[in-house]
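Undergrad: please work out how this folds:
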Amino acid sequence: MDKGKENQLFVRFVFSEDYKSIEEFAVSYLTTVNEKAEEVVRFDCGRRETVNVHYFFNKPPKKRYLKREKSFETLEEFVKNIRANWMLYRSRFLDK
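TA: Numbers count the residues shown, from 1 in each chain. Coordinates of the predicted model:
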């Protein structure tokens, strides 16, 4: 997301067997601190878990469940959220 590539967006998703829906996904923002990749925020869901967000900039890290459906549109919304807010998330992470 930045020229130095110290801030990265990682997206992973798994389609259903019929390719008509998403069974699980993860959208993560990672930043490099002291030459080590650190996860800052992750939006995800699994086959048996609803959509949630992990805020790793809190002490202790917080996990919050969101009233969102598992869909490609939701995944895209989280990508846009991280792209728009990564500097704020990074600032909070470095302040912890």
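
Undergrad: show me where this structure has its strands.
TA: Ranges of strands within the chain are 7-15, 22-33, 36-45, 52-55, 62-65, based on DSSP state E.

Undergrad: now the ones you listed as TSV including distance to Phe93 and mean neighbour count?
TA: (Glycine included, C-beta is placed from N, CA and C.) Formatted as TSV, the strands of the chain follow (distance: least, Cβ to Cβ, whole Å; neighbours: other Cβ atoms under 10 Å):
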stretch	distance to Phe93	mean neighbour count
strand 7-15	11	14
strand 22-33	7	18
strand 36-45	5	18
strand 52-55	9	16
strand 62-65	13	11
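
Undergrad: would you confirm that Arg47 contacts Ile22?
TA: No - using Cβ atoms under 8 Å as the test, Arg47 is too far from Ile22 to be in contact (10.4 Å).

Undergrad: let's have the strands of the chain in a markdown table, adding mean pLDDT.
TA: Shown next, in a markdown table, are those (pLDDT from 0 to 100):
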| stretch | mean pLDDT |
| --- | --- |
| strand 7-15 | 96 |
| strand 22-33 | 96 |
| strand 36-45 | 96 |
| strand 52-55 | 98 |
| strand 62-65 | 97 |
